[in-house]
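1. Give me coordinates for this.
(one chain, ligands or ions: 1)
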Amino acid sequence: MKIRRGVIELVMESSKDSLPNEFAALLKAKKDVIYEIALLPGTISGDRSAIMQLWARPMDLGYVGTIHSHPSGVIYPSDEDRSLYSKFGNIHIIVGYPFNLHSWRAFNNEGAEISLEMIQ
Ligand SMILES: [Zn+2]
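-> Alright, predicted model coming up:
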């Protein structure tokens, strides 16, 4: 699996704009390349973790997982994240403050870190 650099850049910018709240979206892939995110209306909220609001979303085949931000800068899944990961998707990305091209990691549906190549 690979991800386009532009997707990471877009999410980093959106994560900055969402501070101090989390930003969350679904990942869309064609073949083995994640090329787009799907924004969900109404998912950005105050106190409630953004990631759990993805759970109510009907899924189609193009969605392979989730991406969301951790303003704390801790780039590991929380218990809440792991719970969601176990229910949906194969690949989940967490981006962390300071939201640059190095401050992200990818995880599988068990919450274990996996490698994900960034391409142009
Ligand atoms: Zn999280």
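
2. Identify each buried residue in the helix or strand harbouring Arg82, please.
-> Secondary structure from DSSP states H and E places Arg82 in helix 79-85. Under the neighbour-count criterion of 16 or more other C-beta atoms under 10 Å, helix 79-85 has Asp81, Arg82, Leu84, Tyr85 buried. No exception for glycine: its C-beta is placed from N, CA and C like everyone else's.

3. OK, now which residue of this structure is nearest to the ion?
-> Residue nearest to the ion within the chain (C-beta to the ion): Asp81, separated by 4.1 Å.

4. what residues are up against Ser14?
-> By C-beta atoms under 8 Å, 6 or more residues apart in numbering, the contact set of Ser14 is Phe23, Ala25, Ser69.

5. Repeat that for Pro98.
-> The contact partners of Pro98, by C-beta under 8 Å, 6+ apart, come to Gly73.

6. Met118 reaches Ile8, doesn't it?
-> Yes: Met118 is within contact range of Ile8, at 6.3 Å (criterion: C-beta atoms under 8 Å).

7. who has more neighbours, the two?
-> Ile8 (23 against 15; other C-beta atoms under 10 Å).

8. Need the three-state assignment for the more buried one.
-> What DSSP: H, G, I helix; E, B strand; the rest coil gives for Ile8 is helix.

9. I figured it hits Ile119, correct?
-> No: with contact defined as C-beta under 8 Å, Ile8 does not count as touching Ile119 (10.4 Å).

10. how about stretch 94-111 against the ion, any contact?
-> No: judged by C-beta under 5 Å from the ion, stretch 94-111 makes no contact with the ion; its nearest approach is 6.0 Å.

11. ok so, going back, quick check: neighbours shared by Met118 and Ile8?
-> With C-beta under 8 Å, 6+ apart as the test, Met118 and Ile8 both reach Leu101.

12. Could I get the contacting residues of the spatially most central residue of the chain?
-> Central residue of the chain (C-alpha atoms, centre = their mean): Ile67, 0.5 Å from the mean position. Neighbouring residues of Ile67 by C-beta under 8 Å, 6+ apart: Val11, Ala24, Ala25, Leu26, Leu27, Ile37, His92, Ile93, Ile94, Val95.
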